[in-house]
Structure formats: C-alpha cells, structure tokens
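> Model the structure of this input:
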Amino acid sequence: MLNWSRQLTACFFLCFLCALPVSAEQRQDDRMAYYQKWERATQLPWYYLAAVDQYERNIQEVRNDLPDRDGIIRIHFSRSFWAGRLNPIKKTTTPAVISFFGGRGLDGNNDGKADPDNPDDLLYTMAQVLTKNGYRESDIKKSLKNYYEKEASVKQIMTIAALYRHFDTIELDGHAFPLPLGHNYSYRSTWGDKRGWGGRRMHEGTDLFASYGVPVRATTYGIIEIKGWNEYGGWRVGIRDVHNVYHYFAHLSGFEKGVEEGMIVKPGTVVGYVGSSGYGKAGTSGKFPPHLHYGMYKYNGRMEWAFDPYPSLSHWEQAERAEKK
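Numbers count the residues shown, from 1 in each chain. Take a look at the predicted model:
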C-alpha cells in the first residue's frame with residue numbers, strides 16, 4: 001500500500017512538472033536544437049534557417065493578415081504555396097496530392113505527411129526553398145528574392161543571419177541605454193512634437209540632452225547599416241537588429257574610430273559622440289543645443305514606420321541601473 005502511495009505521488013509530481021510553463025531560455029534552446037538538426041540533415045548553415053524563422057516571427061507580430069503561430073517554428077507558407085494553387089483540398093497533407101498540384105510542401109520527418117504545422121516539415125521545406133539556386137551566400141540571397149520578392153525583406157533576413165553567425169547564438173535580445181549612466185543627461189517623451197526646419201513634420205524619436213562629446217552607445221546587437229551625413233540628422237548612424245528594428249542615432253559631433261558601415265556591434269559599443277550637427281549642408285552644427293536624437297523604426301514585410309522609443313529607453317535605463325546596484 002505504501003509503495004502504491006509513493007508511485008501515485010510521483011505520478012502527480014511528474015504531471016505537475018509537465019504542466020509548468022516552459023521558460024524563454026528553454027524555448028530558445030529548443031529552437032536552436034531544431035536549427036542545428038536541420039543543418040546536419042540538409043548541409044545548410046543553421047543561421048539561414050534561424051534567420052528566416054526569426055523574420056517570420058517579426059512580421060507576424062505586427063501584421064494581422066498572418067496567422068498567430070505559437071509553435072517552436074513560426075515559418076509560414078501560404079496554402080497555395082504549400083498545397084498547390086489549383087489544389088481543391090487546401091488542407092491536404094498527402095505528399096503525392098501536393099506534388100500533383102505543384103505544391104511545394106514536403107515531408108521532413110518521413111511520417112507520410114507534409115504538414116504545414118509540423119516544425120520538421122516546415123524547416124525541411126524552407127531548406128529546399130533556400131538552396132534552390134545553390135548554397136553560396138549569393139545563391140541564398142537569390143532564392144530569398146524569388147520567394148519574398150522584396151529587397152528589404154532579403155536585406156533584413158541576411159542581417160539576422162549575419163548576426164546569428166557572428167555571435168553563434170540566437171540569444172541576442174540584450175539592450176543598453178545609449179548614454180553612459182555616469183554622465184549628466186536628461187530626456188522626456190518628445191514623440192509627435194512639431195518640427196519646422198525643412199517643412200512641417202512631427203518628431204519621430206526621443207531627444208536625450210547631454211554635453212558635447214558624451215559617448216553614444218549601440219543599444220542593441222546589430223549591424224551598422226548607415227553612417228554619414230543627413231541634412232536633418234547631421235552626422236548619424238543607423239543600426240539594424242534581429243527584430244526588424246532600425247535604430248537611428250543623430251546629431252552626433254563625430255564617430256568612434258573604426259566605426260564603418262557593415263560593422264557588427266553589441267549593446268554598449270561606442271559608435272559616436274553627442275553633438276549638435278544637422279539642419280543644413282555637411283558640417284553644419286550649433287543650430288540647437290547638443291543632444292542625441294534616438295529613433296526606432298519597424299519593418300513589417302511591406303513597409304517601415306517609426307514608433308515611440310521612449311518606453312524602451314526608460315526600460316533600458318532602469319534595467320541598467322538595477323544591474324549596477
């Protein structure tokens with residue numbers, strides 16, 4: 001009787017463990033294992049599959065015309081692509097039927113089904129899409145262009161792949177406040193404020209006021225996409241991250257030595273220094289108090305738009321202060 005009681009208790013305990021929510025770290029580990037599994041199976045570097053999956057996650061977060069997938073892999077294929085445009089049975093998972101109607105969905109785990117909700121089938125099918133033209137980087141880009149049709153989408157996916165490859169991980173969610181906490185600075189929400197120079201327009205960002213020469217730091221893991229002069233932003237740097245977000249740092253007095261377009265950075269990397277450049281031809285400065293203009297722009301697979309960076313800045317500042325205590 002005692003042994004039966006212990007076994008029952010153990011069963012209840014195991015059921016309790018199974019019911020516990022999976023941690024974010026465990027989900028990332030599971031995703032990474034899947035990518036590496038299909039790298040071994042297809043010889044396609046894992047970071048390309050991971051980049052497409054992350055890109056799909058990014059656009060599904062902001063587009064309501066795409067399914068809200070919650071699986072370990074969130075790649076989405078249209079039903080016409082998967083099952084065939086003329087296939088009358090759009091939800092079929094029978095490989096022979098899919099192939100007959102020109103569908104591209106494949107059976108990745110040899111269970112006799114090509115299931116668009118199965119992670120093995122999804123990654124195997126995407127691997128075939130990506131390697132249609134070969135395995136070189138230029139071949140992958142060509143295949144991506146054929147599939148997504150938009151250069152901006154291809155550029156974003158290749159950015160994600162480059163970051164995953166460089167850091168050898170998909171855990172790139174860390175951030176840093178753009179100014180060192182030891183310096184004097186001030187900022188408030190300036191989103192939507194009116195701007196008059198160059199025509200009436202709204203302020204697409206947050207202004208952080210600080211002295212000339214205060215270091216400006218990358219807020220994210222990313223690639224420097226743009227460096228140089230803009231008549232509105234003066235000397236500026238643009239960094240794109242793995243979440244389809246473009247981070248814009250403007251009105252700099254100059255750049256950190258060695259900072260160039262295509263450079264990979266991590267949170268805290270110094271990219272430039274606070275200044276008051278802008279509002280004119282190259283070299284114009286001093287038309288306003290020194291400050292950093294920080295903007296954030298999201299790409300949803302169709303277009304890119306600005307959103308208020310103040311909540312993110314406030315969160316990053318508080319998190320960094322908490323770490324230093």
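> Low-confidence regions, the stretch 201-325 of the chain specifically.
201-202 (pLDDT under 70).
> show me where it has strands.
Using DSSP state E, counting those that start in this stretch, the strands of the stretch 201-325 of the chain run over 201-202, 206-210, 215-217, 222-230, 234-240, 245-255, 264-265, 270-274, 291-299, 304-307.
> Within its sheet, name the partner strands of the last one and how each one runs.
Going back to what we said before, that points to strand 304-307. According to DSSP bridges, strand 304-307 forms sheet pairs with strand 291-299 (antiparallel).
> returning to that earlier point: export the strands of the stretch 201-325 of the chain as CSV, with columns for mean neighbour count and distance to Gly280.
C-beta: built from backbone N, CA, C; applies to glycine. Listed next are the strands of the stretch 201-325 of the chain as CSV, based on neighbours: other C-beta atoms under 10 Å; distance: least, C-beta to C-beta, whole Å:
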stretch, mean neighbour count, distance to Gly280
strand 201-202, 11, 16
strand 206-210, 21, 18
strand 215-217, 22, 21
strand 222-230, 18, 10
strand 234-240, 23, 8
strand 245-255, 22, 12
strand 264-265, 20, 28
strand 270-274, 22, 18
strand 291-299, 21, 15
strand 304-307, 14, 23
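> How are the helices of the stretch 101-250 of the chain distributed by residue range?
Using DSSP state H, counting those that start in this stretch, the helices found in the stretch 101-250 of the chain span residues 119-130, 137-148, 151-167.
> what packs against the last one?
With contacts defined as 3 or more C-beta pairs under 8 Å, 6 or more residues apart in numbering; DSSP states H and E, helix 151-167 has these neighbours: helix 46-62, helix 137-148, strand 222-230, strand 264-265.
> Please apply the same query to the first one.
Using 3+ C-beta pairs under 8 Å, 6+ apart, the elements in contact with helix 119-130 are helix 24-42, helix 46-62, helix 137-148.
> Would you mark the buried spots in it?
119-127, 129-130 (16 or more other C-beta atoms under 10 Å).
> same thing with the last one?
Residues of helix 151-167 classed as buried: 153-164 (neighbour count, 16+ other C-beta under 10 Å).
> mind giving me JSON lines with the residues you listed and columns for pLDDT and distance to Glu171?
Listed next are the buried residues of helix 151-167 as JSON lines, based on pLDDT from 0 to 100; distance: C-beta to C-beta, whole Å:
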{"residue": "Ser153", "pLDDT": "97", "distance to Glu171": "23"}
{"residue": "Val154", "pLDDT": "98", "distance to Glu171": "24"}
{"residue": "Lys155", "pLDDT": "97", "distance to Glu171": "23"}
{"residue": "Gln156", "pLDDT": "98", "distance to Glu171": "19"}
{"residue": "Ile157", "pLDDT": "98", "distance to Glu171": "19"}
{"residue": "Met158", "pLDDT": "98", "distance to Glu171": "20"}
{"residue": "Thr159", "pLDDT": "98", "distance to Glu171": "17"}
{"residue": "Ile160", "pLDDT": "98", "distance to Glu171": "13"}
{"residue": "Ala161", "pLDDT": "98", "distance to Glu171": "15"}
{"residue": "Ala162", "pLDDT": "98", "distance to Glu171": "16"}
{"residue": "Leu163", "pLDDT": "98", "distance to Glu171": "11"}
{"residue": "Tyr164", "pLDDT": "98", "distance to Glu171": "10"}
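> Model confidence for Ile72, exactly?
Confidence at Ile72, expressed as pLDDT, is 89.
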